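Enquirer: build the 3D model from these lines:
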Amino acid sequence: MEHVTHLVEEVQAAYDARDPSILPWWANICIGMIIATVFNHLVVDYRLRGALWWRLYQGFYKVAAKFPIYVKGMVQSELAKAKVDIRKTVHDEDTAEGWTLAIPQKGLTPEEILDKQIKYSTKQANGRVDLKKPDYLNGDVSGAVFNTERSEDEIYLIKEMFGRLAFSNPLWPKIFPDVRKMETEVVSMTIELLHGDKNVCGTMTAGGSMSILQAVIACRNKAFDNGVNWPEMILPASAHAAFFKAAEMFRVKTVVIKVEDTNFVVDPKRVKRAINSNTCLIVASVPNYPYGTVDDVEELGKIALKYNVPLHVDACCGGFLVPFFDQEDVPPFDFRVPGVTSISADTHKYGLAPKGSSVILYSTAELRNYGFYANVDWSGGIYASPTLEGSRNGSAIACTWASMLFNGKEKLTQSANSVRSVTRELREKIAKVDGVELMGHADICIVAWRSTLKEVSDYKTMDLIEKDAGITLSPLQYPVGVHLMVTPLHGTRGFVDKLINSLKKAIATLKANPSMKTEGAAAMYGMTLQVPDRRLVAGIAGMYLSELYNVPAVVANSDKNNKEMKKKDEVEQQDKEGSSLN
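Expert: Residues are numbered from 1 along each chain as shown. Okay, the predicted model is just below:
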């Protein structure tokens, strides 16, 4: 105790004898904390959430939008307009007839049900289409559908496989061993395609987003197991939205690296600087969805190896394309690259399989197993599933398996080369159009471009092209642009020229009338870009999603549909009672 007292006295004496011009220790700590806070806001948050002025602007808007005065009135007015536009977009073709809003008392016949589906999708005798949609089989949409559906043998095969296993569930492998074997073979064929060794393994999922979720949760769980409490994921701003969804769902911080405005790929040096002890995953895209550009997987692989961080390659778009290209001009991106620990590849895109299937591969079983789920204390017994899904559609697995066997590498190579040829043709012709510039070097399946003219809006151009040529393009933002995701359906002769001619016509129209108003998605994107509070934009997106499930006003405000249904049920009930008396 005397030693402690003596020590305190010495410290006090030293403090009393200090130079008054030197700040006390506690003041130095306070100043250091202030400097660190300012540095965090000016430098670190700039990398994560944007420039300081933009965050201040957003903050001001959030506060101003809450006041019951002019600003709040403007916000509510814009929301009301957005709601009207969304309803028109979704329900413009809906009528009051033909809706089934309750389970019928007596089931319909197969013929009645099939006739109902046909009425929803095809032109009737009176020339009216119940539900209008783009002619996707003619290549009028960007991406979305990838199989040409022209092979009668393939259509027959898919129908047969679906019919045989429509009610199967791979959650019960002993009941459906055939589905279990098919999934194993689909995974094995994908491993061979992406040059995996004997350690590479994986599972099937319902789509690219689910494969990405599996990759993130596996790396997050591995980080937890290694003592990381607040895992971080480094990804380019061009990475797929599913990574951001995964981060929100699994409590993973996103460290977003801006892509270069010159080539629209991420700079590996910036990725390297962002790595810290909490980094659980680095993301690369082959190609990315917005611009169709390819990140430098080989360089990112070296960084991942050096810092012992998992590297996921999102090849949902390119996984079943790039392996079929001439390999001389394609840098390796798969398991041949040291450092790559997982790859997602969509069989239901350029693998030409029916919708609802994707593959996620891991370099080791250990990493894959971190994505498994097991509850060993559940009262219903030990429950385990290989993916986030529990029950899964066995027919989707079966149809994917059948599609891969039917098409083989020969047809997949033909399809891939057709897509690349159209992509290159479109890229070269876009580059020659006055008033636009390419956004990155498109060489796989996506071509993105933007206007170089102040009076020409990309969104208005997109709207005019849809009205003129019937081609639906996809809008981009931050920066603004448009793109086309090329599919085998775009391989028809004359498609590229039709798009180019329509683009030139749209540019000429807007140059002559730059104040022209637009409708639909083009107007919506133009409006949302002006809203600094992105929560408001999320609310508008929520309106759209909600409207997809809403019964349109033309039905909700009409008693005719309900009365007819009630009358039919009453007649059926009377017939039933009459037959029982007999």
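
Enquirer: so what does Pro331 have for phi and psi?
Expert: Phi and psi for Pro331, reported as degrees, to the nearest 10, are phi -60, psi 140.

Enquirer: that one: neighbour count?
Expert: 13 (other Cβ atoms under 10 Å). Every residue, glycine included, has its C-beta placed from N, CA and C.

Enquirer: quick one: what helix or strand has the residue nearest to it when sequence neighbours are not counted in it?
Expert: Take Pro331 and drop its neighbours on the chain: the residue closest to it by Cβ to Cβ, 6 or more residues apart in numbering is Glu298, 6.3 Å away. Here Glu298 sits within helix 297-307, counting by DSSP states H and E.

Enquirer: just the C-alpha atoms of the next helix or strand after that helix, please, in PDB.
Expert: Once the chain leaves helix 297-307, the next helix or strand it forms, by DSSP H and E, is strand 311-314. The C-alpha atoms that make up strand 311-314 are tabulated as PDB, following Å, rounded to 0.1, in the frame of the first residue of the first chain:
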ATOM      1  CA  LEU A 311     -12.700 -14.200 -52.800                       C
ATOM      2  CA  HIS A 312     -16.100 -14.900 -54.400                       C
ATOM      3  CA  VAL A 313     -16.500 -14.600 -58.100                       C
ATOM      4  CA  ASP A 314     -20.100 -13.700 -59.100                       C
END
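
Enquirer: whichever helix or strand comes after strand 311-314 to helix 297-307, inter-axis angle?
Expert: Later in the chain than strand 311-314, the nearest helix or strand by DSSP H and E is strand 340-345. Computed by axes from the mean of the first three to the mean of the last three Cα atoms, to 10 degrees, the angle separating strand 340-345 from helix 297-307 equals 140 degrees.

Enquirer: neighbouring strands - and their directions - for whatever helix or strand comes next after strand 340-345?
Expert: Toward the C-terminus, strand 340-345 is succeeded by strand 358-362 as the next helix or strand (DSSP H and E). Taking DSSP bridges as the criterion, strand 358-362 sits next to strand 201-205 (antiparallel), strand 340-345 (antiparallel) in its sheet.

Enquirer: ok, and what's touching the longest one?
Expert: Taking Cβ atoms under 8 Å, 6 or more residues apart in numbering as the criterion, the residues outside strand 340-345 that touch it are 190, 194, 208, 211-212, 214-215, 218-219, 297, 301, 304, 310-316, 318-320, 333-335, 351, 358-364, 367.

Enquirer: low-confidence ranges in this protein?
Expert: Applying pLDDT under 70 to the chain flags residues 1-28, 36-76, 78, 96, 122-132, 519-524, 526-527, 530-532, 554-582.

Enquirer: sketch out the strands for it, chain order is fine.
Expert: Here the chain has its strands, by DSSP state E, at 201-205, 232-236, 253-257, 279-285, 311-314, 340-345, 358-362, 373-375, 383-385, 436-438, 446-451, 474-476, 481-485.

Enquirer: let's have those strands in CSV, adding mean neighbour count.
Expert: Shown next, in CSV, are the strands of the chain (neighbours: other Cβ atoms under 10 Å):
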stretch, mean neighbour count
strand 201-205, 25
strand 232-236, 26
strand 253-257, 19
strand 279-285, 28
strand 311-314, 28
strand 340-345, 28
strand 358-362, 28
strand 373-375, 12
strand 383-385, 13
strand 436-438, 18
strand 446-451, 24
strand 474-476, 20
strand 481-485, 25
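
Enquirer: I'd like to know which of those lies nearest to Thr518.
Expert: Nearest of those to Thr518, taken as Cβ to Cβ: strand 474-476 at 11.3 Å.

Enquirer: to Gly292, which of the strands paired with strand 358-362 lies closest?
Expert: Between the strands paired with strand 358-362, strand 340-345 lies closest to Gly292; by Cβ to Cβ that is 16.3 Å.

Enquirer: what's the angle between the closest one and strand 279-285?
Expert: Using the same axes, to 10 degrees: strand 340-345 against strand 279-285 is 50 degrees.

Enquirer: so how far is strand 340-345 from its chain's centroid?
Expert: Put simply, strand 340-345 sits 17 Å off its chain's centre (Cα atoms, centre = their mean, to the nearest Å).

Enquirer: that'll do, ta.
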